[in-house]
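Asker: model this:
(one chain, ligands or ions: 2)
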Amino acid sequence: MRRIFLTIAGFLLLMSGIVMAAEKPNVIFIAVDDLNDWEGYMGNSQIITPNMDALASQGTFFKSAHCQYAVCGPSRASVMSGMYYHSLGFGVDGALQQKDDAVYDAVKKKGSSLIYEYFADHGYKTMAAGKLLHHHVPEETVDVSHGRGPWDFNRDENGNQKRMNWFGSKGLLDWGPINKPENEMSDYKAAEWAVDQLSQDHDKPFFLMTGFLRPHTPLHIQQKYLDMYPLDEIELPPYKADDYDDIPKAARETWNSYPTTSWAIENKQWRKMLQAYMGCITFTDVQIGKILEALENSPYKDNTIIVLWSDHGFHMGEKERFQKHTAWDRSTKVPLVIVDPRTGPTQGSTKPVDANVELIDIYPTLLDLCGLPENKVVEGRSLVPLMENPDLEWEYPAYTFRRETYATVKFGSYRFIEYFDGSMELYNHANDPNEWNNLADNDKYKDIIEHMHGLLQESDVILGYKESKQR
Ligand SMILES: [Ca+2]
Ligand SMILES: [Ca+2]
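Answerer: Ligands and ions are numbered 1, 2, ... in the order given. Next up, the predicted model:
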């Protein structure tokens with residue numbers, strides 16, 4: 001009798017465990033490569049992104065989310081670990097660490113786990129396609145992997161990469177139509193794979209990751225996407241020809257091997273570059289739309305959290321530049337959307353969150369939303385309070401660091417930057433959203449500069465900065 005009772009008790013316990021597991025929400029985790037956050041981007045800008053717009057209107061759109069390192073590999077290491085890049089032991093000395101295995105090992109050494117592994121340890125099935133860490137993720141560390149497809153290039157008849165416009169010494173920045181069918185693009189295949197996962201039954205809650213390669217360069221995309229943006233109708237981003245007159249040498253010389261805006265204007269390429277970037281974004285939006293539609297038509301639609309983020313911003317001619325790497329908002333600021341269908345939008349797209357947040361906040365936010373125990377090693381903070389109340393006072397700084405180059409902080413309406421030679425920049429976004437007027441030499445802002453310098457001093461970010469400076 002006792003034995004039967006125990007068996008029944010065990011059965012009930014098991015059932016309650018299954019029910020509890022079934023109640024855990026699924027997660028769809030979408031990374032987009034080099035997607036900047038042009039103002040109005042998720043709403044009414046010239047870029048055609050109906051799917052990302054719809055997603056933003058279903059949840060919380062963070063208008064001032066910042067990456068912790070404005071280049072792919074280190075930023076992704078931060079997002080996936082929930083830690084500042086230099087806290088992982090990288091970024092201060094040695095080469096820029098871009099290897100997935102090295103990031104994986106570094107996180108283990110800190111006694112932590114990458115975000116999907118943490119979910120796996122708490123009963124989740126993990127699935128991955130595309131670019132997540134710098135390449136993908138170590139395939140043996142996820143339950144199901146599609147791997148990552150190759151970069152899609154326009155190619156000549158011999159299969160060699162065919163450049164159409166830019167013949168600089170390095171880098172992938174080129175733009176124009178690709179002579180490859182859409183369904184052979186790596187991103188297309190990754191989206192189809194994710195759609196397929198959503199059509200299947202899963203016996204556990206899932207953590208489904210898809211990382212898109214576009215709009216990362218080369219900006220090669222099917223002609224039909226370019227045709228959506230007639231050249232003469234393209235609105236150029238804000239540009240000030242003498243913007244560099246008031247910034248330090250270190251700022252002008254932050255890594256860049258790409259054409260300048262002056263070059264693009266002189267050679268009548270700026271609109272073509274914008275057309276290609278926007279075409280690549282629309283192509284990616286179509287791929288994202290497939291996943292959202294598959295979710296909508298699946299039994300998972302009411303119990304699946306979606307997070308969409310980009311690894312860093314991207315200059316498209318603003319501040320005399322193309323590409324990333326800089327300490328300015330155009331490089332550090334990214335689109336971040338989190339949707340929880342169980343609560344819906346707090347106040348929807350009409351009320352985006354203005355607070356400065358960091359991409360390392362994604363990790364603890366997802367744990368919070370899914371009711372998983374806190375990971376104490378993680379350095380970000382849960383954004384759930386902001387999802388519940390977009391107007392909440394949120395007086396936290398957002399830091400970005402670049403090895404041997406700069407440390408920067410966004411705090412309130414101010415952006416403050418310190419370069420390794422001690423030179424500085426200060427901008428007030430309240431009246432200078434383009435960061436054109438450097439206030440660092442203006443005595444009126446002495447107290448603010450001191451405060452911002454103090455924030456960098458206090459933070460772990462500056463530790464990396466200091467050590468690096470001594471080298
Ligand atoms: Ca990137
Ligand atoms: Ca300026």
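
Asker: which residue, other than its chain neighbours, is closest to Val103?
Answerer: Excluding its sequence neighbours, the residue lying closest to Val103 (C-beta to C-beta, 6 or more residues apart in numbering) is Ala77, at 4.5 Å. For glycine as for every other residue, the C-beta is placed from the backbone atoms N, C-alpha and C.

Asker: my guess is the one you found contacts Leu132, does it?
Answerer: No - contact between Ala77 and Leu132 fails when scored by C-beta atoms under 8 Å: they sit 10.5 Å apart.

Asker: neighbour count for those two, which is higher?
Answerer: Ala77 (30 against 25; other C-beta atoms under 10 Å).

Asker: quick check: that one vs Thr408, distance?
Answerer: Distance of Ala77 to Thr408, given as C-beta to C-beta, to the nearest Å: 18 Å.

Asker: what about Glu140, how many residues nearby?
Answerer: 6.

Asker: now do the SS call for it.
Answerer: Following DSSP: H, G, I helix; E, B strand; the rest coil, Glu140 is assigned to helix.

Asker: got the contact list for it?
Answerer: Not one residue lies near Glu140 by C-beta atoms under 8 Å, 6 or more residues apart in numbering.

Asker: likewise for Glu320?
Answerer: Counted by C-beta under 8 Å, 6+ apart, Glu320 has contacts 239, 243-244, 260-262.

Asker: same question, Asn179
Answerer: By C-beta under 8 Å, 6+ apart, the neighbours of Asn179 are 154-155.

Asker: swap in 10 Å and give it another go.
Answerer: Residues in contact with Asn179 (C-beta atoms under 10 Å, 6 or more residues apart in numbering) are 153-157, 162, 220, 222-223.

Asker: just the element for Asp354, please.
Answerer: Using DSSP states H and E, Asp354 sits within strand 353-358.

Asker: could you tell me whether Gly176 really is in a helix?
Answerer: No - under the criterion used here (three-state DSSP), Gly176 is strand, not part of a helix.

Asker: residues near it, how many?
Answerer: So Gly176, with other C-beta under 10 Å, has 22 neighbours.

Asker: identify the residue nearest it in space, chain neighbours excluded?
Answerer: Met164 (3.8 Å).

Asker: any weak-confidence spans in the stretch 351-471 of the chain?
Answerer: For the stretch 351-471 of the chain, the stretches flagged by pLDDT under 70 are 460-471.

Asker: ligand 2 contacts on that one?
Answerer: Trp436 (C-beta under 5 Å from the ion).

Asker: what do you get for the chain?
Answerer: Residues of the chain lying near ligand 2 (C-beta under 5 Å from the ion): 243, 246, 436.

Asker: surely the first one touches Asn437?
Answerer: Yes - A contact is recorded between Asp243 and Asn437 when judged using C-beta atoms under 10 Å, the distance being 9.3 Å.

Asker: now the strand holding Asp354: how far from the chain's centre is it?
Answerer: How far strand 353-358 lies from its chain's middle: 14 Å, per C-alpha atoms, centre = their mean, to the nearest Å.

Asker: what strands flank that strand, and is each parallel or antiparallel?
Answerer: strand 60-66 (parallel) (DSSP bridges).

Asker: tabulate the CA atom coordinates of the partner strand in CSV.
Answerer: Coordinates of each C-alpha in strand 60-66 appear next as CSV, following Å, rounded to 0.1, in the frame of the first residue of the first chain:
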residue,chain,number,x,y,z
THR,A,60,8.6,47.1,-25.5
PHE,A,61,10.9,49.1,-27.8
PHE,A,62,14.0,50.4,-26.1
LYS,A,63,15.0,53.6,-27.9
SER,A,64,18.3,54.1,-26.1
ALA,A,65,19.8,50.6,-25.9
HIS,A,66,23.6,50.5,-26.2
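
Asker: quick check: buried residues in that strand?
Answerer: Under the neighbour-count criterion of 16 or more other C-beta atoms under 10 Å, strand 60-66 has 60-66 buried.

Asker: try stretch 313-323
Answerer: For stretch 313-323, using 16+ other C-beta under 10 Å, the buried residues are 313-323.

Asker: what do you get for stretch 366-380?
Answerer: Here stretch 366-380 shows 366-370, 372, 375, 377-380 as buried, counting by 16+ other C-beta under 10 Å.

Asker: try stretch 135-148
Answerer: 135-138, 141-142, 144-146, 148.

Asker: farthest pair within these?
Answerer: His135 and Val144 (17.2 Å; C-beta to C-beta).

Asker: sorry, back to before: which of the residues of the chain next to ligand 2 fall in strands?
Answerer: The members of the residues of the chain next to ligand 2 all map outside strands under DSSP state E.

Asker: export those to TSV and tack on neighbour count?
Answerer: Shown next, in TSV, are the residues of the chain next to ligand 2 (neighbours: other C-beta atoms under 10 Å):
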residue	neighbour count
Asp243	19
Asp246	14
Trp436	16
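
Asker: tell me the phi and psi of the residue of the stretch 1-150 of the chain found nearest ligand 1?
Answerer: Nearest residue of the stretch 1-150 of the chain to ligand 1: Cys72, at 3.5 Å (C-beta to the ion). Backbone torsions for Cys72, taken as degrees, to the nearest 10, come to phi -50, psi -70.

Asker: for the closest residue to ligand 1 within the stretch 301-450 of the chain, grab the count of nearby residues.
Answerer: Nearest residue of the stretch 301-450 of the chain to ligand 1 (C-beta to the ion) works out as Asp311 at 4.1 Å. The tally of other residues near Asp311 (other C-beta under 10 Å) stands at 31.

Asker: which of the contacts of Asn179 fall within helices?
Answerer: Gln223 (DSSP state H).

Asker: so who does Leu366 touch?
Answerer: 25, 27, 29, 82, 115-116, 118-119, 207, 305, 307, 338, 340, 372, 382-384.

Asker: quick check: residues of the stretch 1-150 of the chain near ligand 1?
Answerer: 33-34, 72.

Asker: and Phe283, which helix or strand is it part of?
Answerer: helix 270-296.

Asker: next SSE after that helix?
Answerer: Per DSSP H and E, helix 270-296 leads on to strand 304-310 as the next helix or strand towards the C-terminus.

Asker: avg pLDDT for that following strand?
Answerer: The average pLDDT within strand 304-310 is 98.

Asker: list the buried ones in the strand holding Asp354?
Answerer: 353, 355-358.

Asker: swap in stretch 397-416?
Answerer: 397-411, 414-416.

Asker: now swap in stretch 215-227 and tell me
Answerer: 215-222, 225-226.
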